[in-house]
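Colleague: let me see the structure of the following:
(chains A, B, C and D)
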There are 4 protein chains.
Amino acid sequence: MSKIIDQAVIAADNDKLAADLKADYAVLGEQLSRRGIAIDDIKAQASAFAVALPSWGVGTGGTRFARFAGKGEPRNVFDKVQDCGVIHQLVTITPTVSPHLPWDKATDYQELRQHAAAFGLNFDCVNSNTFQDQKGQEHSYKFGSLSHADAATRQQAVDHNIECIEIGKALGAKALTVWVGDGSNFPGQQHFARAFDRYLDSNRKIYAALPDDWQMFLEHKMFEPAFYSTVLQDWGSSYLAATQLGEKAKCLVDLGHHAPNVNIEMIVARLAAFGRLAGFHFNDSKYGDDDLDSGSINPYQLFLIFNELVDAAERKLAGFKPEYMLDQSHNVTDPIESLMNSAVEVQRAYAQALLVDRMALAGYQDGNDALQATRTLKQAYLTDVSPILAMARLERGGAIDPVAAYRASGYRARVAAERPAVASSGGGIV
Amino acid sequence: MSKIIDQAVIAADNDKLAADLKADYAVLGEQLSRRGIAIDDIKAQASAFAVALPSWGVGTGGTRFARFAGKGEPRNVFDKVQDCGVIHQLVTITPTVSPHLPWDKATDYQELRQHAAAFGLNFDCVNSNTFQDQKGQEHSYKFGSLSHADAATRQQAVDHNIECIEIGKALGAKALTVWVGDGSNFPGQQHFARAFDRYLDSNRKIYAALPDDWQMFLEHKMFEPAFYSTVLQDWGSSYLAATQLGEKAKCLVDLGHHAPNVNIEMIVARLAAFGRLAGFHFNDSKYGDDDLDSGSINPYQLFLIFNELVDAAERKLAGFKPEYMLDQSHNVTDPIESLMNSAVEVQRAYAQALLVDRMALAGYQDGNDALQATRTLKQAYLTDVSPILAMARLERGGAIDPVAAYRASGYRARVAAERPAVASSGGGIV
Amino acid sequence: MSKIIDQAVIAADNDKLAADLKADYAVLGEQLSRRGIAIDDIKAQASAFAVALPSWGVGTGGTRFARFAGKGEPRNVFDKVQDCGVIHQLVTITPTVSPHLPWDKATDYQELRQHAAAFGLNFDCVNSNTFQDQKGQEHSYKFGSLSHADAATRQQAVDHNIECIEIGKALGAKALTVWVGDGSNFPGQQHFARAFDRYLDSNRKIYAALPDDWQMFLEHKMFEPAFYSTVLQDWGSSYLAATQLGEKAKCLVDLGHHAPNVNIEMIVARLAAFGRLAGFHFNDSKYGDDDLDSGSINPYQLFLIFNELVDAAERKLAGFKPEYMLDQSHNVTDPIESLMNSAVEVQRAYAQALLVDRMALAGYQDGNDALQATRTLKQAYLTDVSPILAMARLERGGAIDPVAAYRASGYRARVAAERPAVASSGGGIV
Amino acid sequence: MSKIIDQAVIAADNDKLAADLKADYAVLGEQLSRRGIAIDDIKAQASAFAVALPSWGVGTGGTRFARFAGKGEPRNVFDKVQDCGVIHQLVTITPTVSPHLPWDKATDYQELRQHAAAFGLNFDCVNSNTFQDQKGQEHSYKFGSLSHADAATRQQAVDHNIECIEIGKALGAKALTVWVGDGSNFPGQQHFARAFDRYLDSNRKIYAALPDDWQMFLEHKMFEPAFYSTVLQDWGSSYLAATQLGEKAKCLVDLGHHAPNVNIEMIVARLAAFGRLAGFHFNDSKYGDDDLDSGSINPYQLFLIFNELVDAAERKLAGFKPEYMLDQSHNVTDPIESLMNSAVEVQRAYAQALLVDRMALAGYQDGNDALQATRTLKQAYLTDVSPILAMARLERGGAIDPVAAYRASGYRARVAAERPAVASSGGGIV
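Modeller: Next up, the predicted model:
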């Protein structure tokens, strides 16, 4: 397997930190053992954790006002995969890449697959794009895609999704994620029921093209780019749509796609209980679909979500096998750094959730001891599991401090020299 | 039928206003005829409109901080029904009262029914109350009712609901509305999935006790009195629960029970399309479940909701027969005045929605003419239908200006003399 | 004055509608006279109403996901001014254009001014742009502009604003509007106090360059493009900044720049009372800074804002002279149509607010008659003032139905033939 | 000093935990020393931290729907002070009680002061109450208090506040906190500007009665109990009011009184920078003014607030001396337990904020290294400071695990035997 970052650089950085890490890990192990927890078990589970990288996430993101390009922006899907390889090499828990089409189209998908495999990467859920018009496209998505009033436009969007499945098959993927920008900006612009019927009808055609071992992930969103209504506005509509389509259709949860104040962990619990939880697009937000780095704004919420996931896993719910993916917009950081850090923050929430004393918790719940119940969660959350995560990385050949090792490697400067500079630009508004 | 307000008072007030009303009605009729609308048809439909009164709504409401009693507060359900009779006499579109138990318990329900009938009133949906403890109650609802961890407490709540059905049968009602305060104030306090299972299980027992021609209305709410999670937090969970229970279970929409910014009219469209729209608790809000007067804060939203309802009715959706009820907290107004005014505001939204040129609208929708589509709605909304509503009242023996006639009648002073003054009080906090 | 739309087209459309309009106007006049209102007075005030057009608003807007270009997109500021001329010709209440720099830079501003004057247009508030990088710009605004940590970048942003003042002087403007995208996406990224100090310091330099008869408008915004914090996040910070700068600094209110549920009309009242209300960027929104058409989502809120403005004007508050401007993003409509319709909706709210019986209202307020107080507002709001607005347009040479006349004119097709097609594009994300 | 809880009980519990605590403290000390931090310094600062207890907080709270009483509810202010004494004995960082009048009226304030002193307690900010009517009160606050339209009602509210100052002087307090429920439920009910003028005018009279060494704290709130507008709706209005009143007037921040999504830490920074930060009412919330336990919903937000406070303290801002108080509603827990736990959570956030490497942070901020800046905050936040807090308690004679020691003491059962049971009740609604 080709390692992009010189392992000697990683080793040098690790050498500086390893002694302290070992001491910290040992101490934490002792502390956890008092609580009846075997640290090595937690480490093993954290080590087996995986979260997918979005191919588009390694490029700098932007807003409708502007996009400020970074240095060494990837030129194509091969560059993107290479950047993902850097991330995986350093954090070791991002073995898959989720492609976005047509952005990631290639002429030879076997070549692409081998390119990825060289970095230890496979391809995960394929994402279709019917929220933008592509050059030479016959019908515009200005007024919708899968739910468009015009049958030919809908068919074009269906065809694109089916093509995504085909490409996904070539790449070894097993799921299609469908997010559409369809909706309306004015009361009355769209007939809610007829638009939803058309949406369902188009999705049925896509669903029919799914291979037997594939799943279809429906991604709801409250608003943006449509600002009065969206065709799949919340998990309720997503659940309705999934049950209309069939067993292979599930509901994807993006943390930034909900109304203000919504209890997302409860939505997770509901979808898990009723067998329709597809998985996650992880990110964080303060206002809307801000696509900030995972765990950067409300880390306790992320923990509470994983508390539900670990609980569901332990109860062995039927059909419970959620897919995890990062989906963030990196506007002011080096995307590689943000993705590395975010992968670790998601893994952190998972490891913390593993520490919850579920037997004690159930007792407090049944006894209406609200304070001790919530303190039981907090005890797990307050535990600094950093040594566990770092030790897992170290043992898998990754970096104790991925950002430090990455900076030491000079990777960004290297690709900045190879890849032509990209102009910053106005966003959607100009 | 006994008329509480002297019809001569009403007539005197109407006499002052009738000439102008007739002129305004005639003019509006001409204007509408240009748009191909027969004003008498609209009047007939508006006249047939009915919205139920909440028995508790005729008393002054309060907050957790305080309740400032008004004059002449009703002492019992007989007083409440009498106050409802005043409202119905003046606005003519509130022929039913929705009782809340155990608040409205009586020793003789036939007597109560006759008392109501004397005012032209019948009883509508029965509301159970398991969000408060009643004197002598064996188990407390402090930690929940239908979803309580303790089986005996759940059974007590189930029994109360079944008793509500029995009383409702005696009163001629055909539906039970179930709203519970169950939820949690701390992460971890409640196991979401197990609590929901218990909630469903309890509801199944209640459902089993429903007469054949009854329905069961589930009322979701995002928060309050529980502030971290509620067991039926949104329409998605409500839909899930209804489909688990059976065909007679439907989802009630209270306008104040949603997350900020949520598109409520779309929820209405979804529930209508999938045969699960129970009906409404009408009120208005700016922040949370403010329970303000209907149409007082965002009248266009109320219109957009009726736009969906009229559309669903015209498309003759299967099982579409929503129940309408006011549910407001009257903290600073005379409750009778607020309820009269609110009933008219709801009727106004309905009448406006009847004016929408649906053929033109469908054309604009199919042609992606967003501006003309939204202007089509606005044309209906901007029409001042007050003369239609007033004429419908006049023809049915009500008041052209219900508030003016009510004030002229001296009813409040009269009952204030009869009914003992009630002390203002701290709310829940002291 | 050159009329872009053939007046014969307008006249032909008006001819079809004039008879009905006259009848409706007469009838409404009679109805208002019963309320003691002289319709011609209202018409005169509505006719004198003016709202500025944003030069950028005549182009199709977009989101970070995509921009779907329309036909006949303006190529430059001269095209934009011409499109504004069409709007003004038809609605007659948009006599000024607000330019955005550097987007609207020209080689000869006297020529541009004459070009505008030919359409009866003048230039209004100048808008600076330091939220995007321009080609050849030395320092990037990726990490801020007026509040940037680097002094040279701040100076560049200051210089740009001073250049805007110079260009504004050449164009006859009297105010500079400063909105910046400065803020942060991560807790800790920015030191709040130091960033605000830098922001104030930069603004002091701009303020110092203001001509004596100019004002400086500060525009706050809660979020976007920065998603954790913005340097001028709310009216409180805006007020603080304005008072630090001096008397010529005032606070601009954009309707979409507030937190959910915020009572905007109260902010208007506060700023008016304390002499710092600059004016408005009118638009509407349901979720965030959606930039939807004015009055399309919550028309009652728009009325309540004008209720404050009319009240403040009648009380002759010191320094009360707000500037009105539309600021919308037209993603799915013809921008000219949206701007025409929106100008009329803003004017409508103003005319409705003029109808409020303020003497009666004050009496109800002093007497704590909440119901009659709110009904007094509603009486004004429910009045369909369309005939007043249309008559005002007709008398000023505009169109009774501006959208119909515009469509009849074939203007869009004409410019589509002249102006090259623009490709749709991904927004900020690709 | 009288100790309510038998110190032997505390000692017994501490004995079980002390060895582990010492080990954990030592280990943490080593880890922190690597970061250049002396753990004993942090402990000393954490030990000197103090947060006031709300006298009303030791009673069970409720909502408008119901109040479910607990066992051993305090009967009067002497009981409340005793309960506060328990808390202070166990957590050692709550040396002051904030009284609420007239709830806490006594016949002999010297006796009350001595009663408190016996538990090591002093009295802090006095809270007035003009949001409820008291028995025998001449004028009702139904329609407002300090901003009421009627002068006599306003004067009554002013007099009450002045009486609060007098009582506060007798109790040794140095500040008056003014929160009013004034506002409106309907558009038009209140004239915003005139109501604010009356509010200011009343406050000027109260301000005039302040002793020289007192301060006046203004507490804003977005909504509840008024649901359309409140007279002091946000920090902007609070700042305006404070500057109108004088130097002794400052702005109090309650964490639950803001609009959704608002960046509270930035408000803290603004008020601190401009010398008007009074202090805090600590609690947590997910939806509105939920008054949940501090740190129970969004602990990172609490940390970010303390990050601002520690930063402001280190910069030695003029007039920066914020008062800290808990203000929570304990509906489902033992109030003593919640207050103990919450005091520790607030102290935890403070201790974590002390760990921030501010020199490094400033460097990252100036260098626009957003990722490392936010990781610098996270490094401090992820540190489990529990051993520091526990050691501080232990050294001051408190409990390592206050909840465990409290439960072991049997205090609740003891007072439940002494104090008569209180009936649960409907809240404001019935």
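Colleague: and stretch A:45-56 with chain C, contact?
Modeller: Yes. Applying CB under 8 Å from any CB of the partner chain, one finds stretch A:45-56 touching chain C at A:W56. Just so you know, the C-beta spots here come from the backbone N, C-alpha and C atoms, and that holds for glycine as well.
Colleague: near chain D at all, that stretch?
Modeller: No. With CB under 8 Å from any CB as the measure, stretch A:45-56 is seen stopping short of chain D, the closest distance being 15.3 Å.
Colleague: so how far does that stretch reach from one end to the other?
Modeller: The first residue of stretch A:45-56 is 28 Å away from its last residue (CA to CA, to the nearest Å).
Colleague: run through the residues that contact A:T96.
Modeller: Residues near A:T96 by CB atoms under 8 Å, 6 or more residues apart in numbering or on different chains: A:A50, A:A52, A:L53, A:L121, A:N122, A:F123, A:D124.
Colleague: which of those residues ranks first by neighbour count?
Modeller: With neighbours defined as other CB atoms under 10 Å in any protein chain shown, the most crowded of those is A:L53; it has 31 neighbours.
Colleague: which parts of stretch A:150-165 are buried?
Modeller: Of the residues in stretch A:150-165, A:D150, A:T153, A:R154, A:Q156, A:A157, A:V158, A:H160, A:N161, A:I162, A:E163, A:C164, A:I165 count as buried by neighbour count, 16 or more other CB atoms under 10 Å in any protein chain shown.
Colleague: can you redo the contacts of A:T96 as CSV with secondary structure and pLDDT?
Modeller: Shown next, in CSV, are the contacts of A:T96 (DSSP: H, G, I helix; E, B strand; the rest coil; pLDDT from 0 to 100):
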residue, secondary structure, pLDDT
A:A50, coil, 98
A:A52, strand, 98
A:L53, strand, 98
A:L121, coil, 98
A:N122, strand, 98
A:F123, strand, 98
A:D124, coil, 92
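Colleague: tell me which two in the residues you listed are the farthest apart.
Modeller: For the contacts of A:T96, the farthest-apart pair by CB to CB is A:A50 and A:F123; their separation is 13.3 Å.
Colleague: just to revisit the earlier point, Serialize the buried residues of stretch A:150-165 to a markdown table and add fields for pLDDT.
Modeller: Converted to a markdown table, these look like this (pLDDT from 0 to 100):
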| residue | pLDDT |
| --- | --- |
| A:D150 | 98 |
| A:T153 | 98 |
| A:R154 | 98 |
| A:Q156 | 98 |
| A:A157 | 98 |
| A:V158 | 98 |
| A:H160 | 98 |
| A:N161 | 98 |
| A:I162 | 98 |
| A:E163 | 98 |
| A:C164 | 98 |
| A:I165 | 98 |
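Colleague: as a markdown table, those with secondary structure would be great.
Modeller: Below are these laid out as a markdown table (DSSP: H, G, I helix; E, B strand; the rest coil):
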| residue | secondary structure |
| --- | --- |
| A:D150 | coil |
| A:T153 | helix |
| A:R154 | helix |
| A:Q156 | helix |
| A:A157 | helix |
| A:V158 | helix |
| A:H160 | helix |
| A:N161 | helix |
| A:I162 | helix |
| A:E163 | helix |
| A:C164 | helix |
| A:I165 | helix |
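Colleague: looking at the residues you listed, which is nearest chain B?
Modeller: Top of the list for closeness to chain B, among these and by CB to the nearest CB, is A:D150 at 8.3 Å.
Colleague: pretty sure that closest one is touching A:S140, no?
Modeller: No. With contacts counted by CB atoms under 8 Å, A:D150 stays clear of A:S140, the gap being 9.9 Å.
Colleague: re earlier: between the buried residues of stretch A:150-165, which sits nearest C:V403?
Modeller: Of all these, the one sitting nearest C:V403 is A:D150; the distance, using CB to CB, is 23.1 Å.
Colleague: which SSE is the residue nearest to that closest one when sequence neighbours are not counted in?
Modeller: Spatially, and ignoring its direct neighbours in sequence, A:D150 is nearest to A:H139 (7.0 Å; CB to CB, 6 or more residues apart in numbering or on different chains). Under the criterion DSSP states H and E, no helix or strand holds A:H139.
Colleague: just checking, A:H139 touches A:Q156?
Modeller: Yes. With contact defined as CB under 8 Å, A:H139 reaches A:Q156; the gap is 5.0 Å.
Colleague: can you map out the strands along the stretch 1-150 of chain A?
Modeller: Counting by DSSP state E, counting those that start in this stretch, one finds strands in the stretch 1-150 of chain A at the ranges A:53-54, A:96-98, A:122-123, A:126-127.
Colleague: cool, the stretch 151-300 of chain A as well?
Modeller: Listed in chain order (using DSSP E, counting those that start in this stretch), the strands of the stretch 151-300 of chain A are A:175-178, A:183-184, A:215-219, A:229-230, A:249-254, A:277-282.
Colleague: name every strand pairing with the last one and say which way it goes.
Modeller: Strands adjacent to strand A:277-282 in the sheet, as given by DSSP bridges, are strand A:249-254 (parallel), strand A:323-326 (parallel).
Colleague: and of the ones you listed, who's closest to C:D15?
Modeller: Proximity to C:D15, assessed across those by CB to CB, is greatest for strand A:249-254 (54.4 Å).
Colleague: all helices of the stretch 1-150 of chain A, in order?
Modeller: A:7-34, A:39-48, A:77-91, A:109-118 (DSSP state H, counting those that start in this stretch).
Colleague: looking at those, which is nearest to B:L309?
Modeller: Judged by CB to CB, the one of the helices of the stretch 1-150 of chain A that comes nearest to B:L309 is helix A:77-91, at 49.1 Å.
Colleague: what about that closest one, near chain D?
Modeller: No. Using CB under 8 Å from any CB, we find that helix A:77-91 stays clear of chain D, coming within 13.8 Å at best.
Colleague: the inter-axis angle of that helix versus helix A:7-34?
Modeller: With axes from the mean of the first three to the mean of the last three CA atoms, to 10 degrees as the criterion, the two stretches helix A:77-91 and helix A:7-34 enclose an angle of 50 degrees.
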